[in-house]
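output the structure for:
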Amino acid sequence: MALPRGLAATIGTAARAARIRANLTQEDVAERVGLATEVYGRLERGGMLPSVPTLKKLCETLRIPSDVLLGLQPAQENFWTKEAPARPVEEPAEIRRLVRTVKKLEPAEFRLLSLMATGLVRLRHMRQSRGQEDASPSQ
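Down below sits the predicted model:
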């Protein structure tokens, strides 16, 4: 069965624009929708059509009306001209990427990473306190 390129491209273009507007990465959207990042990337490039449940999750995640995502209603008449709804403040993409990686660690690897992070924070505090002592006037 041939892929309806027009619809796939329309959905992909609208999804990409909404994702960028929401300041999300492809990995962020893929995780929230329940897709592999590669699959979501293919969807954005117009290489596939999402299932109906995935389409619904995309609309919810990207906060885009289904009519706009499907190209039934021009974006400029509805979605893009209105101010984006208030979004909760999110962590930067680097933090979200790190959290996704940490979730894949085995328990022993996680404990080691936790110890390393704690050590780095203590080292920074020690350096800061030494810097403050060096900067304080002599008595």
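
burial of residue 26, as a residue count?
Look at residue 26: counted by other CB atoms under 10 Å, it has 18 neighbours. No exception for glycine: its C-beta is placed from N, CA and C like everyone else's.

go ahead and confirm it touches residue 42.
No. Assessed by CB atoms under 8 Å, residue 26 is found out of contact with residue 42, at 10.2 Å.

next secondary structure element downstream of the helix or strand hosting residue 12?
Using DSSP states H and E, residue 12 maps to helix 5-21. Later in the chain than helix 5-21, the nearest helix or strand by DSSP H and E is helix 26-33.

centre of the chain to that following helix, how far?
Remark: helix 26-33 is offset 6 Å from the chain centroid, using CA atoms, centre = their mean, to the nearest Å.

residues in contact with that helix: which ones?
15, 19, 36-37, 39-41, 44, 54, 57-58, 61-62, 93, 96-97, 100 (CB atoms under 8 Å, 6 or more residues apart in numbering).

buried stuff in the helix holding residue 12?
8, 9, 10, 11, 12, 13, 14, 15, 16, 17, 18, 19 (16 or more other CB atoms under 10 Å).

stretch 93-109 now?
residue 96.

swap in stretch 61-69?
61, 62, 64, 65, 68, 69.

what helix or strand does residue 64 sit in?
Residue 64 belongs to no helix or strand, assigned by DSSP H and E.

next one: it from residue 15, what distance?
8 Å (CB to CB, to the nearest Å).

need the residues touching each of the two.
residue 58.

before we move on, back to that, what's the most distant pair in the buried residues of stretch 61-69?
61 and 68 (14.1 Å; CB to CB).

gap between the two ends of stretch 47-65?
21 Å (CA to CA, to the nearest Å).
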